[in-house]
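Engineer: only geometry, no sequence info:
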């Protein structure tokens, strides 16, 4: 039974995320709200979840030469610094505070999706390119 | 690769995406995609480039989370196979789903979750 529930959660998170919804936090949301997984653990699972999906889309994108590596590289370097800072901040602030911050992010995103849903902007002629719409973004 | 100032335009969104990624385990693309688009990169390329930025951040954040949060990489396994299938199907059917309805439903669901997290 548990495996069915887990699969359903995984499937929904992958599906909804690939629609560009939820800011990449769909799995965190499901795990914390319905499965009572701790906030930081849920976030860690979400990070692990995105790696294989992201690597796969990245390979597809790179083949199509859609990645602007010259722009990406500096962003990655500064991003890694930010990620390290973010992780330490998360550890310092603790699960309770992070839970509220995450909730606040959902509140803002939710208001936008509910009241100002914008149609998908990225109409590509080649449907395959949508694969690249990452579940977490 | 020649160094050019204009290529640094991704640095600030990259940094902010990193903080979100580390702090909330999600949300980096929300910052990177629009800022890349604003700087004149086509939507397709902005998306692709944002994934190239986010993946390494996820890897670093995941390593740091694994080190400190009572987390093991086994924890993701129950969700992964179905998750990959869901992402694949989602990517295939993307143009066929009436976007606004799905967005509104999910928006309401996000507000419910926000309420649970903020009040709980």
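Structural biologist: Perfect, I can see it now. If you're wondering where the values come from, they're calculated on a predicted model, not measured in any experiment.
Engineer: starting at the chain centroid, how far to whatever helix or strand residue B:21 lives in?
Structural biologist: Element membership for residue B:21 (DSSP states H and E) is helix B:11-24. Using Cα atoms, centre = their mean, to the nearest Å, the distance from the centre of helix B:11-24 to the centre of the chain it belongs to is 11 Å.
Engineer: Please, where are all the helices along chain B?
Structural biologist: For chain B, the helices defined by DSSP state H occupy B:11-24, B:28-38, B:43-68, B:80-93, B:99-119.
Engineer: Which strands or helices does the helix holding residue B:21 pack on?
Structural biologist: helix A:69-93, helix A:95-115, helix B:28-38, helix B:43-68 (3 or more Cβ pairs under 8 Å, 6 or more residues apart in numbering or on different chains; DSSP states H and E). Heads up, the C-betas are built off the backbone N, CA and C, glycines and all.
Engineer: If we use 6 Å, what do you get?
Structural biologist: helix A:69-93, helix B:28-38, helix B:43-68 (3 or more Cβ pairs under 6 Å, 6 or more residues apart in numbering or on different chains; DSSP states H and E).
Engineer: who touches the first one?
Structural biologist: Spelled out, that is helix A:69-93. When contacts are defined by Cβ atoms under 6 Å, 6 or more residues apart in numbering or on different chains, helix A:69-93 is touched by residues A:98, B:7-8, B:10-11, B:14-15, B:17-19, B:21-23, B:49, B:52-53, B:56-57, B:60-61, B:64, B:68.
Engineer: now that helix: mean pLDDT?
Structural biologist: Across helix A:69-93, the average pLDDT comes to 95.
Engineer: contacting residues for residue B:18?
Structural biologist: Contacts of residue B:18 by Cβ under 6 Å, 6+ apart are A:79, A:82-83, B:57.
Engineer: scratch that, residue B:8 is what I was asking about
Structural biologist: So residue B:8 contacts residue A:74 (Cβ under 6 Å, 6+ apart).
Engineer: Need the pLDDT of it.
Structural biologist: At residue B:8, pLDDT is 77.
Engineer: Next: residue A:135.
Structural biologist: pLDDT at residue A:135 comes out at 52.
Engineer: Equivalent analysis for residue A:46, please.
Structural biologist: pLDDT, read off for residue A:46, is 95.
Engineer: Also residue A:60?
Structural biologist: 85.
Engineer: so where does it fall, helix or strand?
Structural biologist: Element membership of residue A:60 [criterion: DSSP H and E] is helix A:39-63.
Engineer: Looking only at that helix, what residues are buried by neighbour count?
Structural biologist: Across helix A:39-63, burial judged by 16 or more other Cβ atoms under 10 Å in any protein chain shown covers A:39-51, A:53-54, A:56-58, A:60-61.
Engineer: quick revisit: the helix holding residue B:21 to helix A:95-115, inter-axis angle?
Structural biologist: 120 degrees (axes from the mean of the first three to the mean of the last three Cα atoms, to 10 degrees).
Engineer: And helix B:11-24, what's buried?
Structural biologist: Neighbour-count burial for helix B:11-24 [16+ other Cβ under 10 Å]: B:11, B:13-24.
Engineer: And these, which is closest to residue A:29?
Structural biologist: The closest of the buried residues of helix B:11-24 to residue A:29 turns out to be residue B:24 (Cβ to Cβ; 11.0 Å).
Engineer: how many neighbours does the closest residue to that closest one other than its chain neighbours have?
Structural biologist: Among residues not flanking residue B:24 along the chain, residue A:102 sits closest, at 5.3 Å (Cβ to Cβ, 6 or more residues apart in numbering or on different chains). For residue A:102, the neighbour count with other Cβ atoms under 10 Å in any protein chain shown is 27.
Engineer: what do you get for the one 5 residues further on?
Structural biologist: Burial of residue A:107, expressed as a neighbour count using other Cβ under 10 Å, amounts to 17.
Engineer: what sits against the closest residue to residue B:54 other than its chain neighbours?
Structural biologist: Closest residue to residue B:54 apart from its sequence neighbours, by Cβ to Cβ, 6+ apart: residue B:28 at 4.8 Å. The contact partners of residue B:28, by Cβ under 6 Å, 6+ apart, come to B:17, B:20-21, B:54.
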